[in-house]
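A.B. asks: this one's structure only:
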């Protein structure tokens, strides 16, 4: 069975790039993530599983926290959150075909 992790570009780079020490550099991870075909399912996985450490789907911990809060707020207001289990990247982070 094919899994999004099978296509993740991060597999070919040092893991420490995605899990820097507090205050450490993470720009290399963001660069790799920006072109990764697994970016959206990776981000969805991290949000759905409340992963609080590291770079996932090209987003920092604080950005994912903000995205989780926004989803909870939307669900509470009757908007349903992500509903169909598709990731919702911020508009400025979405790739265009």
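C.D. replies: Nice, thanks for sending it over. As the structure is a prediction and not an experimental result, all values here were calculated from the model.

A.B. asks: switch to C-alpha atoms for all contacts and neighbour counts from now on
C.D. replies: Noted.

A.B. asks: list the helices and strands the worst-scoring helix or strand of the chain on mean pLDDT packs on?
C.D. replies: Across the helices and strands of the chain, mean pLDDT, DSSP states H and E gives its lowest value to helix 61-76, namely a mean of 91. On a contact count with 3 or more Cα pairs under 8 Å, 6 or more residues apart in numbering; DSSP states H and E, helix 61-76 meets helix 39-48.

A.B. asks: on that earlier part again, residues of the least confident helix or strand of the chain that come out buried?
C.D. replies: Within helix 61-76, the residues scored as buried using 16 or more other Cα atoms under 10 Å are 61, 64, 65, 67, 68, 71, 72.

A.B. asks: show me the contacts for the closest residue in space to the fourth one that isn't next to it in sequence.
C.D. replies: Nearest in space to residue 67, with sequence neighbours left out and distances taken as Cα to Cα, 6 or more residues apart in numbering, is residue 47 at 7.9 Å. The neighbourhood of residue 47, defined by Cα atoms under 8 Å, 6 or more residues apart in numbering, consists of 64, 65, 67, 68.

A.B. asks: Kindly provide the distance from the first one to residue 1.
C.D. replies: When distances are taken as Cα to Cα, to the nearest Å, residue 64 and residue 1 turn out to be 28 Å apart.

A.B. asks: just residue 13 next, same as before
C.D. replies: Distance, residue 13 to residue 1, using Cα to Cα: 24 Å.

A.B. asks: Quick check: chain neighbours aside, which residue is closest to residue 7?
C.D. replies: residue 38 (6.2 Å).

A.B. asks: quick one: contacts for the one you found?
C.D. replies: 4, 5, 7, 8, 9, 57.

A.B. asks: I'd like those residues laid out as CSV, including secondary structure, neighbour count and distance to residue 78.
C.D. replies: Shown next, in CSV, are these (DSSP: H, G, I helix; E, B strand; the rest coil; neighbours: other Cα atoms under 10 Å; distance: Cα to Cα, whole Å):
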residue, secondary structure, neighbour count, distance to residue 78
4, helix, 13, 30
5, helix, 14, 32
7, helix, 13, 35
8, coil, 19, 34
9, helix, 17, 36
57, coil, 27, 26
